[in-house]
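**Q** just coords:
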């Protein structure tokens, strides 16, 4: 019996269409079915919206969390041969080969497939899609495409259960999460991940060092390349699509954090710094980086090179420690690409507005324009309980400047683990940030949605206004609180 | 019996210190007592924070809403002579005279009083303080000072009562509103305003055309200079500190809005446009502007020149109609200043991020750097129910670029009237935006607060982290949801 088949775990997930929308599929000339969220308007028009929610919002699909989602990509993967010994989207793109995944994302984004192939080939975009995660609906992360958002999930020793995390995953994608990360710690870490992977319609990321640390009883000094490597292989086999690897935390960078207001706040960063200091040598992530590339290449797992020395406060933004590590991440990016492994770069964190643009400029310069994947950043630290807002302010700006994917922050950031409501609040705040950036970047599809909603508003088509919004249920209920009469909505 | 003395109205207002803070007063060499919110930290340090909450958070003060607040400024006003026939802060500043109000705001902002006098003299800052509103604690609005926020209140024919609005005013200033606007319509408009003015520790703004319209039974075409003038005098006598005047809506600008997605969305703007079209001539606000200046000058009421043609959607941002009106507002600014009347300029509204900076640049160029006072702007229109967030994203950026005061937007924007919770959500979101801008502008006091909170966070001084935050109650409750044990807070 696999962990996944354990019948004592029985997640209840949210299914059915988002209010006022229905799932449609548009067929590509190549026969792919691209899901969309269609909003039918009262004036006879309709708008199709990019849809991350997977089969859960399709009433025609029978959901069985014990069977998992169908393996959409399985036949595509089975049908293709390696190119230059590699099976990654990057290898195919470099060789001029258009994969089904590329075709799928091109249709999803409404762009030419040549643009997709080109951006993947030069490393300015990634399609995180482990061959062992055939359930994922392909998506692309890159500055030439719609800005994406990630939602973090994960239980801990203290709270939450496997079933809750599966529902949070479905819930996050329902509201617009383009990828999710499983940051579980504590017991049942493998099992939780299996449940999430088999049921996730979006790419799943992890931070393997968290599980490796569990295997050595939480003592960073006891970590080794062997333990780490085995953990990575285990997660690759399960189907993890991208992995955060803090390989840029070098021994000589650690002292640069000594005079910071908030030292090292990245969990992975502090684990690796502790290891480096304990052994007084460079980390196994750095010294074994090429071996790691070989493993990820086999599965087409994407690197998310972690910013272990990211600032943890406004005071520490853009300092020497942060940018020293970024330079090393740039070197590692080029090594990974030489191995045909796709790469994203993680970014901060906590950055005042006037220092945001420099982060993007340096990342692009040092890391060969690899997609930037930032956590917020928070534009101020004085509002715990509202960090979805402090960080949406920074996220919108950094995405406008070129960040390709935004890692959400929930209202519980710095205070506790997010519940279902927090996950939704985080996703909605980040859809706002991402969409604002798409508008500022001149994305025609983004503008269409704003225009459709604005026209509905101006013409008092209340139902259309609600249904076109990011959260029809809340918009409708707020309206009904003060103006409950139905005539007010059609007047 | 004045309306205010009506004992059938009996507001219950929130009093007592904000959790973890206490009210202190620092005395200036000139003998002024400047209120501050002091946060005592567990490490023996303390931080004093700019405090807008008035006597309500001072347990030593007895609050009686039927008597109103003490007339702090009454003796100052009584003691001074006109200069060049004028009694406005602008007239005094131009003449090189430092008023008590200037002294007060200099201490409050922690800057030299010469800077205050200079900025007021050149019109780059205003101190909205009607001589008939002696209860207000002086504050300054200008780009060289802390970014301010305004909270809109106001009942309507449909909902809300006088007592509720008085409590909302106290509640908004408790969380940080620097000014409030009373946008009441419907019955009891004079009475509501009287209650608010007599109890408000912050400047109060209005849009007099709303009340004038009530006097002509809601028909814009029936409005006249005489009705409007009498309304303005009535409100000046009551103590309104600044007034929105849509004098820039010229007849020839109205057709410029015809091809917009959302036409004219400003209520004042559409009233004046309707009047201009009905009479086919320039509005009485424009043709009688100098007479209006003479009235406002007598009381030292500040103009807030309204943007009646502001965009109501992303699609309409920065269009010809908007900027044509802005040019006219610039001309009017110079006329008002020649009459020694202080001026702010209102700005949008709905603007995508890449078009925000141009708004500030043009406003400063056309309006002689008069303080810019913007509503958001919303960076996207697709998130009704979350417009405090969509607009905080725009507000933070426009304030960084130079906007001096931000008019808040609550989650109920476009959907209904805000309740008490919505007012708080709006104020907190806007304190975040304003503070983020202060940080980006390099304000040393802003940075101090972030640093104090970040240090508390890094050292696990949970209580200090909560108490230094914008909303200690919510931060504490979120923490306690997942980690309720007291040891976890001091660990």
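**A** Received it, and whenever you're ready, just let me know what you need. The structure displayed is predicted, hence computed values, not measured ones.

**Q** show me where the stretch 201-350 of chain A has strands.
**A** A:204-206, A:242-245, A:302-305, A:343-347 (DSSP state E, counting those that start in this stretch).

**Q** just give the number of residues close to residue A:70.
**A** Neighbourhood size, residue A:70 [other C-beta atoms under 10 Å in any protein chain shown]: 11. C-betas here are computed from N, CA, C, even on glycine.

**Q** nearest spatial neighbour of it, chain-adjacent residues omitted?
**A** residue A:135 (7.0 Å; C-beta to C-beta, 6 or more residues apart in numbering or on different chains).

**Q** before we move on, what SS does the one you found have?
**A** coil (DSSP: H, G, I helix; E, B strand; the rest coil).

**Q** how about it, what does it touch?
**A** A:68, A:69, A:70, A:71, A:72, A:73, A:197, A:198, A:199, A:200, A:201, A:239 (C-beta atoms under 8 Å, 6 or more residues apart in numbering or on different chains).

**Q** tell me the two of those that are most distant?
**A** A:73 and A:199 (15.2 Å; C-beta to C-beta).

**Q** quick one: which of these two has more around it?
**A** Legend: neighbour count by other C-beta under 10 Å for residue A:73 and residue A:199, higher for residue A:199 (25 against 21).

**Q** what's near enough to touch the more buried one?
**A** Residues counted as contacts of residue A:199 (C-beta under 8 Å, 6+ apart) are A:11, A:13, A:65, A:68, A:69, A:135, A:166, A:169, A:170.

**Q** count of neighbours near the fifth one?
**A** Just to be clear, that refers to residue A:69. Neighbours of residue A:69 (other C-beta under 10 Å): 21.

**Q** quick check, pLDDT for the closest residue to residue A:328 other than its chain neighbours.
**A** Distance criterion C-beta to C-beta, 6+ apart; nearest residue to residue A:328, sequence neighbours excluded, is residue A:248 at 4.0 Å. Note on residue A:248: pLDDT of 98.

**Q** how about residue A:107?
**A** Reported pLDDT for residue A:107: 97.

**Q** that one is in contact with residue A:26, isn't it?
**A** Yes - under the criterion of C-beta atoms under 8 Å, residue A:107 makes contact with residue A:26 at 7.1 Å.

**Q** what touches both of the two?
**A** residue A:34.

**Q** point out where the stretch 351-491 of chain A drops to low pLDDT.
**A** Scanning the stretch 351-491 of chain A for pLDDT under 70 picks out the ranges A:483-491.

**Q** ramachandran angles for residue A:146?
**A** Dihedral pair for residue A:146: phi -60, psi 140, per degrees, to the nearest 10.

**Q** list the contacts for it?
**A** By C-beta under 8 Å, 6+ apart, residue A:146 lies in contact with A:50, A:109, A:434, A:438, A:443, A:445, A:446.

**Q** what does residue A:435 give?
**A** Counting by C-beta under 8 Å, 6+ apart, residue A:435 makes contact with A:147, A:446, A:449, A:470, B:380, B:382, B:383.
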